[in-house]
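1. curious how this folds, go ahead:
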Amino acid sequence: MAMPLTYTRTSPDWPCQVKIPGSYDWERSAAKWLRELVPARYAGYPTLIRHPVLLARHAELQVQQEVRVARTALQTARADLPRLGVPESVIEHTIKLYAAEVLQLQHIARSVRAVSQALAEHNSGR
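-> Numbers count the residues shown, from 1 in each chain. From the prediction side, this is the model:
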């Protein structure tokens, strides 16, 4: 049974790789995108494959951890990297890299939350 189109617009954080909720095969596109965000071993678990809402939950947790790691790396770079013998110019580049990564991961986290919410709403309507 095809789901009626329930969304005409998505948030700016909606990932372009995922079809609009309610459109044909949108859950499959969501699951495919989410599988790319979790370690490969998790993407192969049958329960997560059969239940995209569980995969979304795991992806949310995974991305939250990645944000924490990137923030920690950013916050500790100036103190830790000189002790490793990393040149100052490389440290500056690394700090910029970590700062950009934190921003990118925050965007991904918002995207995962949007997909997760849409999957949960879809599941509650079944």
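2. please count neighbours and contacts with C-alpha atoms only from this point.
-> Will do.
3. give me the longest helix you can find in the chain.
-> If you go by DSSP state H, the chain has its longest helix at helix 88-124.
4. so which elements touch that helix?
-> helix 26-35, helix 52-83 (3 or more C-alpha pairs under 8 Å, 6 or more residues apart in numbering; DSSP states H and E).
5. what's the helix or strand bottoming out on mean pLDDT in the chain in contact with?
-> None of the helices or strands of the chain scores lower by mean pLDDT, DSSP states H and E than helix 40-43, at a mean of 87. Residues from elsewhere that reach helix 40-43 (C-alpha atoms under 8 Å, 6 or more residues apart in numbering): 35-36, 48-49, 55.
6. neighbour-wise, which of these leads?
-> Using other C-alpha atoms under 10 Å as the neighbour criterion, residue 55 leads those with 25 neighbours.
7. what residues does that one make contact with?
-> Contact partners of residue 55, counting by C-alpha under 8 Å, 6+ apart, are 31, 34-35, 43, 48-49.
8. follow-up on the earlier one: got the buried residues for the least confident helix or strand of the chain?
-> 42-43 (16 or more other C-alpha atoms under 10 Å).
9. for stretch 78-94, same thing?
-> With burial defined by 16+ other C-alpha under 10 Å, the residues of stretch 78-94 counted as buried are 81, 91, 94.
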